[in-house]
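>>> Need coordinates for the below:
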Amino acid sequence: IRNAINFSITIHEIQQKQKRKGKDIPYLTHTFTVGLILARAGASEEVIAAGILHDTIEDSVPEQKVSREMIAFQFGVQVADLVASVTEIQEGISWDEAKARAREHIKNFSKESLLVKSADILSNTSEILDDYRKDGERVFNRFKAPKEKVLQNYIQNIEIITKKWPENPLAEDLLKVSGRLVLISGAENKEK
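Okay, here's the model as predicted:
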């Protein structure tokens, strides 16, 4: 886990100074939060490490691209497979197509991949909900898609995950977040 933290620091902070969408907060807060959520859920060290590393392939810069093989060499095949499984392919396709493919891919996830994806969704949506309380609709200006699509994507992901694995230790938290996302998406409709 310590090695995964150091690797994540190298990729997200040292190489890129990556920040959370629209904020001056280090991206690392997200990867560490995912690791903490997984630890709270009783995940194995490999799953926690994969959670901390989950965006390293997807978000590494072309000049210093992280590969599945690189992760396998440093952390083992199980961790590499988990990271690769939750990595979204976004190059050369629209946001809608990337998210549709990712949702289809979730339907074939192992329980460990579902757990990593669940922690990622909980981290992201909790942050969106907190920011929405503070900043309102402006939060959604940070995304490559409109509010309705962003929220609907998360809601659909949660539905797929909880249907595929109802006993997921994070299912209850996911369903609570989904309900809050539905309320936010409905709030705009009531204003119109």
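>>> State the distance from the residue nearest to D120 when sequence neighbours are not counted to L28.
Spatially, and ignoring its direct neighbours in sequence, D120 is nearest to V34 (5.5 Å; C-beta to C-beta, 6 or more residues apart in numbering). Using the backbone N, CA and C atoms, a C-beta is placed for each residue, glycine as well. As judged by C-beta to C-beta, to the nearest Å, V34 and L28 stand 11 Å apart.
>>> okay, the two: which has more neighbours?
Set V34 next to L28 and count neighbours by other C-beta atoms under 10 Å: V34 wins out with 28 against 18.
>>> Assign the more buried one to helix, strand or coil.
Going by DSSP: H, G, I helix; E, B strand; the rest coil, the secondary structure assigned to V34 is helix.
>>> so it makes contact with K117?
No. Here V34 lies out of contact with K117, judged by C-beta atoms under 8 Å, at a distance of 9.8 Å.
>>> E13 versus the most centrally placed residue in the chain, what's the distance?
Geometric centre of the chain, nearest residue: D120, 3.2 Å, by C-alpha atoms, centre = their mean. Distance, D120 to E13, using C-beta to C-beta: 18 Å.
>>> Using PDB, write down the CA coordinates of the host helix or strand of Q156.
When elements are defined using DSSP states H and E, Q156 is found to belong to helix 147-164. Below are the C-alpha coordinates for helix 147-164, written out as PDB (Å, rounded to 0.1, in the frame of the first residue of the first chain):
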ATOM      1  CA  LYS A 147     -25.200  18.000 -15.600                       C
ATOM      2  CA  GLU A 148     -28.000  15.600 -16.600                       C
ATOM      3  CA  LYS A 149     -25.600  13.300 -18.400                       C
ATOM      4  CA  VAL A 150     -23.000  13.300 -15.600                       C
ATOM      5  CA  LEU A 151     -25.600  12.500 -12.900                       C
ATOM      6  CA  GLN A 152     -27.300   9.900 -15.100                       C
ATOM      7  CA  ASN A 153     -24.000   8.200 -15.800                       C
ATOM      8  CA  TYR A 154     -23.300   7.800 -12.000                       C
ATOM      9  CA  ILE A 155     -26.800   6.700 -11.300                       C
ATOM     10  CA  GLN A 156     -26.700   4.000 -14.000                       C
ATOM     11  CA  ASN A 157     -23.300   2.800 -12.900                       C
ATOM     12  CA  ILE A 158     -24.600   2.400  -9.300                       C
ATOM     13  CA  GLU A 159     -27.600   0.500 -10.600                       C
ATOM     14  CA  ILE A 160     -25.500  -1.900 -12.600                       C
ATOM     15  CA  ILE A 161     -23.100  -2.500  -9.700                       C
ATOM     16  CA  THR A 162     -25.800  -3.000  -7.100                       C
ATOM     17  CA  LYS A 163     -27.800  -5.300  -9.300                       C
ATOM     18  CA  LYS A 164     -24.700  -7.400 -10.200                       C
END
